[in-house]
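Engineer: Can you look at this prediction? I've put the sequence above it.
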Amino acid sequence: MCGIAGWIDFSRNLHIQSATIRAMTAALTLRGPDGEGVWTDTHAAVGHRRLAVIDIPGGRQPMTVEADGAVAAVLTYSGELYNFRELRTQLRDSGHAFRTASDTEVVLRAYLQWGLSCVDMFEGMYAFGIWDVRQQRLVLVRDRMGVKPLFYHRTADGVLFASEPKALLTHPAVPAEVDADGLREALSMVRTPGRSAYRHIDELPPGHLMVVERGGARLVRYWELPTREHSDDQQETIRHVRDLLTGVLRRQLVADVPQCTLLSGGLDSSAVTALAATVSGPDAVRSFSVDFAGPDQDFRADPMRGSADRPFVHDVAQRSGLRHSDIVLDTAALMDPLHRAAVVRANDGPKALGDMYTSLYLLFRAVREHSTVALSGESADELFGGYEWFHDERLIAAENFPWLAALQAMTGAADPVLDVLDPGVAELLDLPTYQADGYRQALGEVEHVSGDDARARRMREISYLNLTRFLPIFLDRKDRMSMAHGLEVRVPFCDHRLVEYVYNTPWAMKSFDGREKSLLRAAVADLLPPSVLARRKTPYPSTQDPAYELALREQVSAATSDGGPVTALVDRKRVRDLLDAPLAPSNFAPTRRSLELILNLDEWLRYYPVHLRLDG
């Protein structure tokens, strides 16, 4: 995976700026615990933190390639290229002589061979920067689905870039300022392509590249969700999905380090786990799951979760013959201020899902003690239609992002997570209008197949919204929480060929038996135990220990009683009402999410530090 950083300035000599690029690179140490490298030229300074996964001795970066006795290009790269072996063969046939066995060198030489069109050849998850010494230009690239992050800050004479905003914020030219749009982006459950929470930092959108030259920068979209006719019948479609998934797992189970799967007992992670065991053998991978300790070990069903994960997890592990470990977390660990601080800093900001971030952070810490690479079921719900808003007619018809409509239907509030905002701040931010504008923008991007009826058109829109505005939230969560421990998490369901095929499969085929993710279930039915095949969609778990909310209230009371920065954003009367209210009946209740958000905002504003510029 790794962390990348760079600075291009056509008006300065960056040979003498090594301290600055080293500071930027050091900010990404957790992403790459296995090595550090810096390379400087007159107008370019490039840094890299390495997580060694393929070709441990030979994949050091930044990596250079020479032509006619001089450096022709240098690469700083994060990610995995799953078809690097096939591309290396092609490049060798074209005359390239490789000095390493790494996918890094394949990326670099592919650029030398094919220029910008090399991105059309790549299969994988990646973010990288290539400084072309001969042409004096920088090329930044992000993978099609946006699995790996890449942020940048434009300057008058070039650009700064990095895997995470924290690296850019170490540069003296980039202030940690957050304006109203930035706070909207931080607090909204919608990701807007290209935006970050920070006023002077943008994110390279998925499927884009940027070319930075002396005359300026240009953004190029090299991939988007294609719209095409689907000609396969139901059985052919099921078989093709299975073939695609099997091929994806074969490519993604290539590494020179221990590997595992993240197993929740749901359909998605169970499919990945069973296929991994089938492709590599049960001895090649192991599985991990998360669970929670508490005074009452009995699971209590609620509107969001009808069953506990553990029995289904164990059924899958036993069926696949895998060595499995349950990672059990207690309330003390979830409420530890040091862990909350680590989560906020890993995310470069606050998140409203509270312990769903902290528990993932702690799960990944435990997994990293045994494995360097993990496979996850992320994005199957968005791709195959797993969420309730793919099936509830009221939510399908809502003129809003469907997950926001679902939240309102469940709680009866427009945005219960954010109802703690000071009225003046809430009026200034006007999140409903911000979200409505984003919704209209997203719908305007959707292409339709000629002849589709209204139902087919709407389901394509729902799919597009989920893949481009909802999925990025969870891909970012997975990346930030895993890379905080130097753990590489791969997401097979984000393979772009699988995404293209399933996105264009008619909704009637995706839901042919009236259930969620019918197509995926049919494609892997022979690999999974009956219990998992019959299980309904269940979200990522959250602790049910009442002591967790009691601890939340105690810490919120302390954070809002000393006049700290968070008090300028929240409605203090509303906070007092929350602290005095009965304990929430569900761990998914908005009360609890509001309390968690307050603590995360407080951590961010108090210690990051952040300069709020809400006056414009």
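Structural biologist: Great, that's in hand.
Engineer: Enumerate the beta-bridge partners assigned to the closest residue to A173 other than its chain neighbours.
Structural biologist: Spatial nearest neighbour of A173, chain neighbours left out: T155 (6.1 Å); criterion: CB to CB, 6 or more residues apart in numbering. Using the backbone N, CA and C atoms, a C-beta is placed for each residue, glycine as well. On the basis of DSSP bridges, T155 takes part in beta bridges with G158.
Engineer: From G95, how far out is T155?
Structural biologist: Separation of T155 from G95 (CB to CB, to the nearest Å): 38 Å.
Engineer: Give me the more crowded residue out of these two.
Structural biologist: T155 (19 against 7; other CB atoms under 10 Å).
Engineer: Was I right to think that one contacts D9?
Structural biologist: Yes: counting by CB atoms under 8 Å, D9 is a contact partner of T155 at 6.6 Å.
Engineer: per-residue pLDDT, R305?
Structural biologist: For R305, the pLDDT comes out at 65.
Engineer: So in this protein, where's the weakest helix or strand by average pLDDT?
Structural biologist: When the helices and strands of the chain are scored by mean pLDDT, DSSP states H and E, helix 402-411 comes last with a mean of 86.
Engineer: can you pull the buried residues of it?
Structural biologist: For helix 402-411, the neighbour count (16 or more other CB atoms under 10 Å) marks P402, W403, L404, A405, A406, L407, Q408, M410, T411 as buried.
Engineer: Check which element follows that helix along the chain.
Structural biologist: helix 423-429 (DSSP states H and E).
Engineer: Show me what whichever helix or strand comes after that following helix is packed up against.
Structural biologist: As assigned by DSSP H and E, the chain's next helix or strand after helix 423-429 is helix 431-445. Applying 3 or more CB pairs under 8 Å, 6 or more residues apart in numbering; DSSP states H and E, we find helix 431-445 packed against helix 180-187, helix 454-465.
Engineer: Nearest spatial neighbour of the spatially most central residue of the chain, chain-adjacent residues omitted?
Structural biologist: Note on the chain: the residue nearest the mean C-alpha position is L475, at 1.7 Å, using CA atoms, centre = their mean. Among residues not flanking L475 along the chain, V147 sits closest, at 5.6 Å (CB to CB, 6+ apart).
Engineer: That neighbour: neighbouring residues, count only.
Structural biologist: Neighbour tally, V147, other CB under 10 Å: 26.
Engineer: got the contact list for it?
Structural biologist: Taking CB atoms under 8 Å, 6 or more residues apart in numbering, we find V147 in contact with G79, M125, L475, D479, V491, C494.
Engineer: Double-check that the second one belongs to a strand.
Structural biologist: Looking back up the chat, that one is M125. Yes: M125 sits within a strand when classified using DSSP: H, G, I helix; E, B strand; the rest coil.
Engineer: give me the low-pLDDT residue ranges for the stretch 1-150 of the chain?
Structural biologist: Along the stretch 1-150 of the chain, the parts satisfying pLDDT under 70 run over 1, 55.
Engineer: can you pull out the helices in it?
Structural biologist: 18-26, 84-93, 103-114 (DSSP state H, counting those that start in this stretch).
Engineer: Touching the shortest one from outside, list them.
Structural biologist: So that's helix 18-26. With CB under 8 Å, 6+ apart as the criterion, helix 18-26 contacts 3, 5-7, 14, 36, 38, 40, 45-49, 160, 162, 167-168, 170-172.
Engineer: A PyMOL selection for the residues you listed, restricted to the buried ones, would help me check which they are.
Structural biologist: Typed into PyMOL, the line below selects the buried ones among the contacts of helix 18-26, using 16+ other CB under 10 Å:
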select buried, resi 3+5+6+7+14+36+38+40+45+46+47+48+49+160+162+167+168+170+171
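Engineer: Leaving out sequence neighbours, find the closest residue to A217.
Structural biologist: Nearest non-adjacent residue to A217 (CB to CB, 6+ apart): M210, at 5.9 Å.
Engineer: and the one you found, helix, strand or coil?
Structural biologist: Assignment for M210 (three-state DSSP): strand.
Engineer: wait, it sits on L150?
Structural biologist: No: when contacts are counted by CB under 8 Å, M210 is not listed as touching L150 (9.0 Å).
Engineer: okay, and the common contacts of those two?
Structural biologist: L140, L204.
Engineer: ok, now which ones touch D120?
Structural biologist: Taking CB under 8 Å, 6+ apart as the test, what D120 contacts is Y222.
Engineer: follow-up on the earlier one: neighbour count winner among M210 and L150?
Structural biologist: L150 (27 against 22).
Engineer: residue contacts, the more buried one?
Structural biologist: I4, A127, L140, V141, R142, F161, A162, S163, E203, L204.
Engineer: The same query, at a cut-off of 6 Å, please.
Structural biologist: By CB atoms under 6 Å, 6 or more residues apart in numbering, the contact set of L150 is A127, R142, L204.
Engineer: correct me, but the first one touches Y77?
Structural biologist: No: the pair A127 / Y77 is not scored as a contact, 7.9 Å apart, by CB atoms under 6 Å.
Engineer: anything in contact with each of those two?
Structural biologist: With CB under 6 Å, 6+ apart, A127 and Y77 have no common neighbours.
Engineer: Tell me where the model's unsure across the protein.
Structural biologist: By pLDDT under 70, the low-scoring segments of the chain are 1, 55, 294-306, 412-417, 585-588, 616.
Engineer: Repeat the analysis, applying 50 as the threshold.
Structural biologist: 296 (pLDDT under 50).
Engineer: Skipping adjacent residues, who's closest to A276 in space?
Structural biologist: A276's closest residue in space is V285 (CB to CB, 6+ apart), at 5.0 Å.
Engineer: before we move on, back to that, format the helices and strands packed on helix 431-445 as TSV; extra columns: mean neighbour count and distance to S371.
Structural biologist: Shown next, in TSV, are those (neighbours: other CB atoms under 10 Å; distance: least, CB to CB, whole Å):
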stretch	mean neighbour count	distance to S371
helix 180-187	21	32
helix 454-465	17	32
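Engineer: Of the ones you listed, which is nearest N83?
Structural biologist: Evaluated over the helices and strands packed on helix 431-445, closeness to N83 peaks at helix 454-465, with 25.9 Å, by CB to CB.
Engineer: And for E399, the neighbour number?
Structural biologist: 9.
Engineer: what's the spacing between it and K517?
Structural biologist: From E399 over to K517 (counting by CB to CB), the distance is 26 Å.
Engineer: Check the contacts of V147 and tell me the two furthest apart.
Structural biologist: Greatest spacing in these, by CB to CB: G79 and L475 (12.6 Å).
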